[in-house]
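> turn this into a model:
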Amino acid sequence: MKNKILSILLSSDGYVSGQSLAEQLGVSRQAIWKGMNSLKENGYEISSTPNKGYRLVSAPGFLNAEAVKSHLNTKLIGREMIVLDSVGSTNDYLKELGNNGCREGVVVAAREQTKGKGRLGRVWQTKRDENISFSLLLRPRTAPGGVAAVTPLAGLAICKALRDTTGLDCKIKWPNDIIVGKKKLVGILTEMTAEFDAVEYIIIGIGVNVDQAVFPEEIEYKATSILLETGRHYDKNRLLAKFLDRLEGELTRNDLRLSQTALREYSDLCATIGRNITFTRGTRRISGMAVGVAENGELKVMLSDGTVCSVYSGEVTVQGIY
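Numbering: from 1, shown residues only. Reported below is the predicted structural model:
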C-alpha cells in the first residue's frame, strides 16, 4: 500500500487529497492514513493540510527500499529489495537467501556493513549512511564456465552509470575495481554456488564510496569517494536505482557474455590496458604489458619475450595506479 501511495505522491506537483488517494487505490481513508504513517516511519517527510490533503516534502537521505524502487525501471533486478540497517556482509546475507531458494533478481543493500568482503579475503567496511553496499542474486541456466563475463559486465555497468550520473571520468581497473585517476571508487566481488555442470546462483556484491571523506591510513593513498571527487552529495536511493538499471541493461543486452559491443566498451574504459603490470602465477611474480581483454574476461598480457599470456585471477599491480 505505501509503495502505491508513494508513487502517486511522487508524480504529483502539489497536494493530493486523502479521498482522491482512497478512490484511486480502492481502499479506505483509514488505510491511506496508515500508509502515510508507514512512509513517515521510513524517513519520508509528508505535509498534511486540512482541505488540501498530503504532499511529499522530502525523501529520506539514507538507503530505503521504497525510495529506491520509486526510481527503478528494471523488470527483474531489485523488484524484490531488502535494505538492512546493519549487516556483516550483504553477500553473506544473500547467500542464506539463495540457499533457501529465493528468486532471481533479489537485491540486499545495507545502511551499514561491518564485515564486507573484498577480493583475496580483504575486509570492505561501510560506515552507517556513508556509502552504498549492495548484492544481487542471479540464477543463470548455464555451466560454471558460462558466467566468466559477469564481473566485467558488472564493472562496465557501474562505470557507465557513474560517468552518466556524476560526470566523473571513471575507468575500470581489471578485473573488478572502478577508479577515478589513480584511486579506487568501487569494488566488485562476484561469488558463485554451483554443481559440476550447473550454476545454482551467482551473487554480485558491489561497494561504492559515496560520502566517505576520511579513509584508514593504510588505504587513503588509493581510495576516494564521489564526495571527494565532486564536492557534492548525491541521493543514494537514486544512485542505487541507476546502478540496478544499468546492471540489468548490460547483463540482459549481452546475455551474460562479453559481446563485441560490450568488449569494445569495456576495453575503451579499461585503465589497465596499455600499462605495465605485475601479476602472480604460482609462487612467481611476472611482469608484462596489458594489451587487451579476451571475450571470457581474461586479461591479455605481453611478456618481455613477445609472447602473450592470459591472466584470469590473482593480484594484479598496475604501474601508475596501485
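
> could you list the low-confidence segments of the stretch 101-250 of the chain?
117-126 (pLDDT under 70).

> strands of that one, start to end?
With DSSP state E, counting those that start in this stretch as the criterion, the stretch 101-250 of the chain has strands at 107-110, 113-117, 123-126, 132-138, 170-173, 177-180, 183-194, 199-208.

> so can I have JSON lines of these showing distance to residue 320?
All C-beta spots, glycine's among them, are computed from the backbone N, C-alpha and C. Listed next are the strands of the stretch 101-250 of the chain as JSON lines, based on distance: least, Cβ to Cβ, whole Å:
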{"stretch": "strand 107-110", "distance to residue 320": "33"}
{"stretch": "strand 113-117", "distance to residue 320": "27"}
{"stretch": "strand 123-126", "distance to residue 320": "24"}
{"stretch": "strand 132-138", "distance to residue 320": "27"}
{"stretch": "strand 170-173", "distance to residue 320": "11"}
{"stretch": "strand 177-180", "distance to residue 320": "11"}
{"stretch": "strand 183-194", "distance to residue 320": "12"}
{"stretch": "strand 199-208", "distance to residue 320": "23"}
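
> and these as TSV, adding mean neighbour count and distance to residue 293?
Output for those, formatted as TSV (neighbours: other Cβ atoms under 10 Å; distance: least, Cβ to Cβ, whole Å):
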stretch	mean neighbour count	distance to residue 293
strand 107-110	26	27
strand 113-117	20	24
strand 123-126	18	24
strand 132-138	26	21
strand 170-173	23	9
strand 177-180	24	14
strand 183-194	20	15
strand 199-208	23	18
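
> residue 63: what's it in contact with?
83, 109, 110, 111, 129, 132, 236, 237, 240 (Cβ atoms under 8 Å, 6 or more residues apart in numbering).

> nearest to residue 265, of the strands of the stretch 101-250 of the chain?
strand 170-173 (9.9 Å; Cβ to Cβ).

> give the contact list for residue 4.
Residue 4 neighbours (Cβ under 8 Å, 6+ apart): 25, 35.
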